[in-house]
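Enquirer: Here is the input, now give the coordinates:
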Amino acid sequence: MKNIILLTVLGSFGGYGYYYLIGCNGTCSITSSPINSVVYGAIIGFVLSIPNEKNPKDS
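Expert: You can find the predicted model right below:
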């Protein structure tokens, strides 16, 4: 549970950092608004934190 929360928060910081450093003015749907960038980053962080249930011994 800690990994999910940590990676979601880190993803949101990463989304804001992307907006601040690289974002565009008005035409990009994700990077034109800091809120969109933070939400998108949080979603990416959450998806990356989901544990993989596949056991390598099963294959």
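
Enquirer: Do a quick rundown of the strands in this structure.
Expert: Applying DSSP state E to the chain gives no strands.

Enquirer: what residues are up against the residue lying closest to Asn3 once chain neighbours are set aside?
Expert: Nearest non-adjacent residue to Asn3, counting by C-beta to C-beta, 6 or more residues apart in numbering: Ser49, 5.2 Å away. The C-beta positions use only the backbone N, C-alpha and C, and glycine is treated the same way. By C-beta atoms under 8 Å, 6 or more residues apart in numbering, Ser49 lies in contact with Asn3, Ile4, Leu6, Leu7, Thr8.

Enquirer: From those residues, pick the one nearest Ile43.
Expert: Thr8 (8.4 Å; C-beta to C-beta).

Enquirer: what's in contact with the top helix by length along the chain?
Expert: In the chain, assigned by DSSP state H, the helix with the most residues is helix 2-21. Residues from elsewhere that reach helix 2-21, judged by C-beta under 8 Å, 6+ apart: 31, 33-34, 36-46, 48-51.

Enquirer: Can you give the distance from that helix to the centre of its chain?
Expert: With C-alpha atoms, centre = their mean, to the nearest Å as the basis, helix 2-21 stands 6 Å off its chain's centre.

Enquirer: again, but for stretch 19-39
Expert: That offset, for stretch 19-39, works out to 13 Å (C-alpha atoms, centre = their mean).

Enquirer: what's the straight distance from one end of it to the other?
Expert: 11 Å (C-alpha to C-alpha, to the nearest Å).

Enquirer: how about that stretch: buried residues?
Expert: Of all the residues in stretch 19-39, those buried under the rule 16 or more other C-beta atoms under 10 Å are Tyr19, Gly23, Thr31, Asn36, Ser37, Val38.

Enquirer: May I see the ChimeraX selection of the buried members of the contacts of Ser49?
Expert: A single ChimeraX command selects the buried members of these (16+ other C-beta under 10 Å):
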select :7,8
